[in-house]
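J.: can you look at this prediction? I've put the sequence above it.
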Number of protein chains: 2
Amino acid sequence: MAAPHAKQSLRVWLRMLRATTIIEKRIRGYLKTEFDSTLPRFDVLSALDRETAPITMSQLTDHLLVSNGNLTGLVNRLVEDGLISREIDPDDRRVQHVVLSPDGRNAFREMAEKHEALVDSLFSEMSDEDMATLLRLTTTLNSALQNGARPAEDA
Amino acid sequence: MAAPHAKQSLRVWLRMLRATTIIEKRIRGYLKTEFDSTLPRFDVLSALDRETAPITMSQLTDHLLVSNGNLTGLVNRLVEDGLISREIDPDDRRVQHVVLSPDGRNAFREMAEKHEALVDSLFSEMSDEDMATLLRLTTTLNSALQNGARPAEDA
DNA sequence: GCAATTTGTTTTAGGCTTAAAGTAACTTCA
DNA sequence: TGAAGTTACTTTAAGCCTAAAACAAATTGC
């Protein structure tokens, strides 16, 4: 008899979780030893690198899937280190515009290059075909998760 | 031209990371609202539920992939709540044996049932075939990650 | 026996994380 | 205008997380 769907889901989830946990730990360790930085900081810089113009704190929290309070602390530390700069919107003084500094952009580019190489090495034993399949399945899964009922969704 | 392997790895990794992040958030939210508990606590209970005999703190950290210092705090809180109990090994007084209490086992069983149903619902849009493929690929990935050079590995 | 080392666990310092409460600024609308 | 409501962000309290230092108990080598 085939496994019931629920048991199969649980097995898949635990395997996925373990793989991502291990990969995350490797990346965190690498960022720590090579750049004395952290993954959340890298994520913020990465989100800002993708933008051409300054974006607001709220836009950043939406993108990063973290709470706004959390982002405040992260941005504070990155501003202290001179990697990003913050500016109050003259038209709406509640709003902060955040942008990568030149130093921040350089730091990110350097980290991103090593990050990409590390990630690639972690997936090196997977065949091209397996990677294509994995991309397709994770894309499907993400769509399903995005379309499904979200925590705070109006009717 | 096909994507270079490194770019493909990055894409797959980001999709995997986003999916697991979303799923984890749903699970955390669920544990919080339904059981006023957390995912790390659930993980500890889950690891202990699988054991027939008490296990040591060190064995638990190995299983859970968390630091020993982190586990100390988690176990303290679970002991306070009466979900697990701790006992010093009479033969080696450095060693703590940890075991699920009857209350802890009941609490876990109840949480695990809902947890399984939630996880299954999150994967509900994936076909059986896709799930089988995903299981195979994540299993392969985990083996590769386990066999590859780990952070603290002797030559 | 006993000093040196190793091992199992806890403590500490600092960063990440959230939800909830708080603050300030803007908008609505009478 | 100005009270009520909304929005953008920060602060707070509490838990999670790690690496490194500290501690205590066991083992090893003389």
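T.: It's in. Numbers count the residues shown, from 1 in each chain, chains lettered A, B, ... in the order given.
J.: DNA strand C contacts on chain A?
T.: By the rule CB under 7 Å from any atom of the strand, the part of chain A lying against DNA strand C is A:38-41, A:65-70, A:73-74, A:77, A:91-94. C-beta coordinates here come from the backbone N, C-alpha and C atoms, glycine included.
J.: from the residues you listed, which are also near DNA strand D?
T.: Counting by CB under 7 Å from any atom of the strand, the subset of the residues of chain A next to DNA strand C that neighbours DNA strand D consists of A:68-69, A:73, A:92, A:94.
J.: between the residues you listed, which is nearest A:E24?
T.: Minimum separation from A:E24 among these (CB to CB) is found for A:G73, which lies at 19.9 Å.
J.: confidence score at the closest one?
T.: In this model, A:G73 is scored at 94, pLDDT.
J.: ditto for A:G148
T.: According to the predicted model, the pLDDT of A:G148 comes to 62.
J.: gap between A:D103 and chain B?
T.: Using CB to the nearest CB, to the nearest Å, we find A:D103 at a distance of 24 Å from chain B.
J.: that should have said A:T140, apologies.
T.: When distances are taken as CB to the nearest CB, A:T140 and chain B turn out to be 7 Å apart.
J.: helix, strand, or coil at the residue positioned nearest the centre of chain A?
T.: By CA atoms, centre = their mean, chain A has its centre lying nearest to A:D43, at 4.7 Å. Assigned with DSSP: H, G, I helix; E, B strand; the rest coil, A:D43 falls in the helix class.
J.: might you report the residue contacts of it?
T.: Taking CB atoms under 8 Å, 6 or more residues apart in numbering or on different chains as the criterion, A:D43 is in contact with A:L64.
J.: of the ones next to DNA strand D among the residues of chain A next to DNA strand C, which is the nearest to B:L122?
T.: Using CB to CB, A:N68 is the member of these that lies nearest B:L122, at 25.1 Å.
J.: host element of A:S143?
T.: helix A:128-147 (DSSP states H and E).
J.: residues making contact with that helix?
T.: Counting contacts by CB under 8 Å, 6+ apart, the residues touching helix A:128-147 from outside are A:123, A:126, B:2, B:5, B:8-9, B:11-12, B:15-16, B:18-19, B:22-23, B:122-126, B:130, B:133-134, B:137, B:140.
J.: buried stuff in it?
T.: Along helix A:128-147, these residues count as buried under the neighbour rule (16 or more other CB atoms under 10 Å in any protein chain shown): A:130-131, A:133-135, A:137-138, A:140-142, A:145.
J.: same thing with stretch A:36-47?
T.: Judged by neighbour count using 16+ other CB under 10 Å, the buried positions of stretch A:36-47 are A:37, A:39-47.
J.: for chain A, what lies in contact range of DNA strand D?
T.: Listed as neighbours of DNA strand D in chain A under the rule CB under 7 Å from any atom of the strand: A:25, A:29, A:32, A:56-58, A:68-69, A:71-73, A:75-76, A:92, A:94-96.
J.: what packs against the longest helix anywhere in chain A?
T.: Scanning chain A for the helix with the most residues, using DSSP state H, yields helix A:5-35. Using 3 or more CB pairs under 8 Å, 6 or more residues apart in numbering or on different chains; DSSP states H and E as the contact criterion, the secondary-structure elements in contact with helix A:5-35 are helix A:39-49, helix A:102-122, helix B:5-35, helix B:102-122, helix B:128-147.
J.: deepest of those helices, which one?
T.: For these, average neighbour numbers computed from mean count of other CB atoms under 10 Å in any protein chain shown are highest in helix A:39-49, which has a mean of 19.
J.: contacts only, for A:D89.
T.: Applying CB under 8 Å, 6+ apart, one finds that A:D89 lies in contact with A:56, A:95-97.
J.: so how far is A:M57 from the residue in chain A positioned nearest to DNA strand D?
T.: Taking CB to the nearest atom of the strand as the measure, chain A has A:G69 as its residue closest to DNA strand D, at 2.3 Å. Taken as CB to CB, to the nearest Å, the spacing of A:G69 relative to A:M57 amounts to 10 Å.
J.: helix, strand or coil for A:V98?
T.: The assignment at A:V98 comes out as strand when based on three-state DSSP.
J.: hmm, it is touching A:R86, no?
T.: Yes. Counting by CB atoms under 8 Å, A:V98 touches A:R86, with 5.5 Å between them.
J.: which residues are common contacts for the two?
T.: Common neighbours of A:V98 and A:R86, using CB under 8 Å, 6+ apart, are A:V75.
J.: which one's more surrounded, the two?
T.: Set side by side, A:V98 and A:R86 show more neighbours around A:V98, with 22 against 14, by other CB atoms under 10 Å in any protein chain shown.
J.: what pairs with the more buried one across the strands?
T.: A:V98 has these beta-bridge partners by DSSP bridges: A:I55, A:R86.
J.: so who does it touch?
T.: A:48, A:54-57, A:60, A:75, A:84-87.
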